[in-house]
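J.: For reference, the sequence and a predicted model appear below.
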Amino acid sequence: MSGGYHHFDFAALSARDRYKLIIGTVVPRPIALVTTRGPDGRVNAAPFSFFNSLSADPPILAIGVENHADMSFKDTARNIRMTEEFTVNIVDDAMVEAMNICAVDFPPEVDELTMAGLTALPGTHVGCPRIAEAPAAFECRRHLTLELGRSREIVLGEVKGLFLRDGLVDPVTKHVDQRGLDAVGRMGGHGYARTRDLFDLRTPSLAEWTAACRVGRTG
Ligand SMILES: Cc1cc2nc3c(=O)[nH]c(=O)nc-3n(C[C@H](O)[C@H](O)[C@H](O)COP(=O)(O)O)c2cc1C
């Protein structure tokens, strides 16, 4: 303990314990249900919660893919290496159980979308499909792959196109209906979180903040 906190020396931890501490603390993490195609055209789908948007200009999304225990690539990583394309389908509450079926360690010849009862629709900017049941899908071209140690890689994808379900976006203002999106996040362990407890918090300008402080001091 140190000052009411438990401090962990990461160098002294096992990889498993570091994983548990990171996924239990960096929460909630959005979930990318990534669709790819193998060089033979076969469709693959798998969820990744080491996922986020890292830049809007250029528009970059990132996923962190761990290798299998025997160091072989997951199908997603292999397909992206071979085709340079992937689609990030956003997971909403209605499709969370189907998403979880896509995480089962099926052999490469099995189409996870079929097993999960999800529907593949053709892509526009990429050859891999998007998922009809998903509220949103980002079509990406591989931008850069960062190899981390022996077991993990971070794939950066440049967004080439975005599908948003009708009714979820105002095409003029580009305002996305967060309630309608109903995205689900991954917590630690086997936990998930819904995004239904929303609030707004605008950052004040310096002038507004200074004025509010003055009122605070005088009133
Ligand atoms: C919610 C959720 C999040 C996951 N996040 C990751 C992740 O960030 N990185 C990873 O390598 N595996 C992650 N997994 C496990 C993969 O989805 C799983 O290994 C999958 O079978 C890989 O499939 P593939 O071989 O078809 O690519 C996650 C699983 C679930 C259910």
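T.: On my side now, so go ahead. Residues are numbered from 1 along each chain as shown.
J.: quick one: low-confidence parts of the chain?
T.: Counting by pLDDT under 70, the chain contains low-confidence ranges at 1-2, 218-219.
J.: what's the single longest helix in the protein?
T.: Counting residues, the longest helix found in the chain (DSSP state H) is helix 206-218.
J.: okay, now the closest residue to Arg165 other than its chain neighbours: neighbour count?
T.: Distances taken as CB to CB, 6 or more residues apart in numbering put Pro135 closest to Arg165, at 4.8 Å, once the chain neighbours are dropped. For every residue, glycine as well, the C-beta is placed using N, CA and C. Neighbour count of Pro135, defined by other CB atoms under 10 Å: 24.
J.: Strands along the protein, start to end?
T.: Under the criterion DSSP state E, the chain contains strands at 29-30, 32-37, 43-48, 51-56, 59-66, 85-90, 120-121, 130-131, 136-148, 152-164, 184-186, 192-194.
J.: Please tabulate these in TSV, including the columns distance to the ligand and mean neighbour count.
T.: Compiled in TSV, these are given as follows (distance: least, CB to the nearest ligand atom, whole Å; neighbours: other CB atoms under 10 Å):
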stretch	distance to the ligand	mean neighbour count
strand 29-30	8	18
strand 32-37	7	27
strand 43-48	3	23
strand 51-56	6	13
strand 59-66	3	19
strand 85-90	10	26
strand 120-121	14	16
strand 130-131	14	25
strand 136-148	11	18
strand 152-164	7	18
strand 184-186	5	20
strand 192-194	7	15
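J.: out of those strands, nearest to Asp75?
T.: Shortest distance between Asp75 and these, using CB to CB, is found for strand 43-48: 4.6 Å.
J.: Tell me which strands the closest one pairs with, and in which orientation.
T.: strand 32-37 (antiparallel) (DSSP bridges).
J.: and Val88, bridged to which residues?
T.: In beta-bridge terms (that is, DSSP bridges), Val88 pairs with Val34, Phe138.
J.: can you check Asn52 too?
T.: Ala62.
J.: List the contacts of it.
T.: Counting by CB atoms under 8 Å, 6 or more residues apart in numbering, Asn52 touches 29-30, 61-62.
J.: ok, which pair from these is furthest apart?
T.: Pairwise across the contacts of Asn52, and taking CB to CB, the largest span is found between Arg29 and Leu61, at 13.1 Å.
J.: any common contacting residues for these two?
T.: Here Arg29 and Leu61 have 51-52 as joint contacts, going by CB under 8 Å, 6+ apart.
J.: what's the closest non-adjacent residue to Ala77?
T.: With CB to CB, 6+ apart, the residue lying closest to Ala77 is Val65, at 4.5 Å.
J.: and the gap between Val126 and the ligand?
T.: Distance, Val126 to the ligand, by CB to the nearest ligand atom, to the nearest Å: 17 Å.
J.: same check, this time on Phe73
T.: Here the criterion is CB to the nearest ligand atom. By it, Phe73 lies 8 Å from the ligand.
J.: do you know how far that residue is from Glu153?
T.: Going from Phe73 to Glu153 by CB to CB, to the nearest Å gives 9 Å.
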